[in-house]
Structure formats: structure tokens, C-alpha cells
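**Q** Build me a model from this:
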Amino acid sequence: MCRCSSPPALAPRLAGVSSLSQDFRPQPAFVSEAINRAHRGAVRSMQRVVEETGTPHPYPDVVDKIVDQLHLGPAMVLTGAGVSTDSGIPDYRGPKGKMNTHRPMTYQEFCHDRAASHRYWARSFIGWRQLDRAVPNRTHYALVELERAGFVRGVLTQNVDGLHAEAGQHNVVALHGNLDTVSCLDCGLREHRDGLDARLEAANPGYLETLLSQVTKVNPDGDVDLPQSAVQQFQMVGCLRCDSARLKPDVVYFGEAVPEARKQQARAMAAESASLIVAGSSLAVMSGYRFVLDMLASGRPVAVINGGPGRADARVDVLWRTQVGPAFDDLLDALGL
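**A** Numbering: from 1, shown residues only. Next up, the predicted model:
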């Protein structure tokens with residue numbers, strides 16, 4: 001039988017940086033200083049401001065430069081949230097990015113602050129069905145065409161929405177995981193999100209009907225903003241095997257390391273690729289940025305296609321400041337696809 005747990009009391013808080021928004025100011029006080037340091041480091045990573053440092057190449061010359069790069073051999077494409085915005089999933093750091101108003105939960109908060117994880121599941125229970133309705137857009141399908149034509153070795157994505165695979169991408173590594181599976185932090189049992197969702201719906205009759213009409217937008221991490229009263233009403237269920245309520249979506253949180261096996265998959269793809277194209281990412285987090293640095297260190301060209309400034313702009317060989325959808329339309333046309 002599934003165990004329903006009531007939300008625990010909020011953990012004690014430390015004073016944060018006063019210049020930050022309300023979402024950034026509260027800092028949980030964890031029992032271990034090592035956990036506190038890791039949490040603070042994760043928050044600093046979120047706060048990183050990416051400024052304009054590069055000079056974009058002019059259009060249409062930039063199209064020819066990337067086409068020439070693709071003719072060197074199959075490229076690896078590193079995608080970020082900007083690829084999925086046309087599917088209705090907001091990004092974090094774009095012009096309308098949610099990072100200005102919504103701070104994602106850190107790994108330390110999720111694992112060591114039971115009130116925080118309970119809040120996540122209440123908000124995610126509502127947000128999941130909106131994210132699950134998202135469908136691939138023209139950029140996802142353009143990358144499938146480029147892979148089938150031999151111009152793309154594979155896609156390394158920082159997104160957790162599963163839309164590349166849904167579009168038909170054959171070789172895709174989800175660097176930060178995928179929201180469609182959940183794992184128990186105590187016994188390790190994995191469960192598909194649809195199964196958990198059905199159990200949550202049974203434990204919370206009428207919850208969806210009451211709140212869905214009030215929600216218009218989902219956050220990039222798959223949850224929505226809810227009033228505290230709605231969070232308190234939510235009932236969490238337990239693991240199917242051990243009944244623990246410590247269930248976690250199979251995604252890499254800020255402050256959490258990418259699993260080693262996944263890093264090895266990504267490195268293998270990079271090793272087999274003639275170049276790198278970054279699409280829709282500011283590269284603010286190191287997990288993606290390191291692949292740019294590795295490619296450049298090996299002497300292979302790197303191109304960036306992004307609507308806003310990025311961390312690697314001053315370093316890369318080609319910089320195209322534009323939205324990714326129209327950019328890949330131009331590339332397909334130039335390649336005769």
C-alpha cells in the first residue's frame with residue numbers, strides 16, 4: 001500500500017543576499033556544512049549572468065560558415081532550452097527566461113529539506129501534464145533530418161523534456177536526464193512518471209480539477225507556481241517497493257553531478273564528431289560548457305546559434321545571434337534538404 005505523507009514543517013532559514021529576488025533570498029540551513037556549501041555553490045551557478053562578449057558573424061555569410069563546418073564531417077549538436085521554447089517550454093536565461101522570477105530547487109534542498117521536496121511534487125503534479133503535452137518543433141525535426149543525411153553525429157541535450165527522442169533523433173544523450181522517469185532515493189526502484197502520476201491522482205481526488213484552470217505556464221524544470229495552501233493540501237505517495245516518500249525525478253539538479261556513465265556516453269559522441277554546434281544554450285553551466293572547451297582544445301571548430309549572449313561567444317569559431325528555428329530552416333535549405 002502506498003504511504004501518504006503530510007508536508008513537514010519548513011526547515012530553518014539563513015539570511016541570503018539582499019539584492020536577490022525573493023526566490024533567491026531564503027537559504028536552507030542544513031545539518032552539514034558540506035551540504036550548505038554545495039547548496040550555496042549551486043545557487044551561485046544559477047546566479048551567473050552571461051553578458052555579451054562576442055561579435056556575431058553577419059547574415060547570410062554565417063550560414064555558409066556553418067555549412068562548411070558540417071561538410072568537415074558529422075557534427076555533435078549541443079542543445080539547450082532555446083530549442084524547446086517553440087514547443088511552449090520556457091527557458092531560464094533568455095529574454096523572457098524564468099530565472100528572473102523562479103529559482104530552481106537545488107539537489108541539496110530536494111534531498112535534505114523534506115518541505116522543499118514536498119513542495120516540488122505538489123507543483124510538479126500540476127505542471128507535469130502541461131509538459132507532457134508539449135510536442136517537438138521544427139528545430140527538433142531539422143536535427144533529425146541532419147542526422148539522417150549524415151551531417152550530425154548525434155545530439156547532446158541539456159533539456160529534460162524528451163522531445164529530441166520523440167521527434168525521432170536516433171543518437172541522443174540527455175545530459176541532465178529526463179522527467180519521464182522517477183527513482184526512489186532509498187531503494188533505487190525506477191518508475192515511469194505516468195504510473196506515479198496515476199497514483200498521485202488517486203491520492204489527491206479533485207486536486208487537479210481545482211488547480212489546473214488557475215495555471216497558465218509551466219517552469220522549465222516541469223513544475224508550476226502554487227500557493228502554499230495548495231502545497232499543504234497535497235498528499236505524496238510512497239515508493240512501490242519500499243514505501244519511501246523520497247522519490248526524485250531522474251534529472252540532474254543544480255548542485256548534483258552528472259552520472260559518470262552518461263558523461264562517458266557524451267564524451268564518446270564528442271570523440272566521434274568532427275565539430276560542435278551549440279544551439280539554444282547560453283552554456284552558463286559547466287556540464288555543457290566543458291564540451292566546448294574540449295572541442296576547442298582539440299582543434300575542432302565550434303559554432304554557436306543562440307538568440308542571446310553565451311559564455312563561449314568570445315571563444316568560438318562561428319557565432320550566429322538568432323533564434324534557432326529560423327536558423328535551422330536556413331541550414332536545411334543551404335544543404336538542399
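**Q** so how far is the longest helix along the chain off the chain centroid?
**A** For the chain, the helix with the greatest residue count under DSSP state H is helix 114-132. In terms of CA atoms, centre = their mean, to the nearest Å, the gap separating the centre of helix 114-132 from the centre of its chain is 15 Å.
**Q** same for that helix, what does it pack against?
**A** Packing partners of helix 114-132 (3 or more CB pairs under 8 Å, 6 or more residues apart in numbering; DSSP states H and E): helix 107-112, strand 177-184, helix 193-203, helix 207-211, helix 228-233, strand 247-251. Quick note: C-beta positions are derived from backbone N, CA and C, even for glycine.
**Q** JSON lines for the ones you listed, including mean neighbour count?
**A** Listed next are these as JSON lines, based on neighbours: other CB atoms under 10 Å:
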{"stretch": "helix 107-112", "mean neighbour count": "22"}
{"stretch": "strand 177-184", "mean neighbour count": "19"}
{"stretch": "helix 193-203", "mean neighbour count": "16"}
{"stretch": "helix 207-211", "mean neighbour count": "15"}
{"stretch": "helix 228-233", "mean neighbour count": "14"}
{"stretch": "strand 247-251", "mean neighbour count": "20"}
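**Q** mind checking how far residue 311 is from residue 116?
**A** Relative to residue 116, residue 311 is positioned 28 Å away (CB to CB, to the nearest Å).
**Q** again, but for residue 186
**A** Residue 186 is 17 Å from residue 116, where distance means CB to CB.
**Q** Kindly report the same for residue 263.
**A** Taken as CB to CB, the span from residue 263 to residue 116 is 27 Å.
**Q** Of the two, which one has the most company?
**A** Neighbour totals were compared for residue 263 and residue 116, and residue 116 leads with 18 against 15 (other CB atoms under 10 Å).
**Q** ok, and the closest non-adjacent residue to the more buried one?
**A** The spatially closest residue to residue 116, leaving aside those adjacent along the chain, is residue 109, at 4.3 Å (CB to CB, 6 or more residues apart in numbering).
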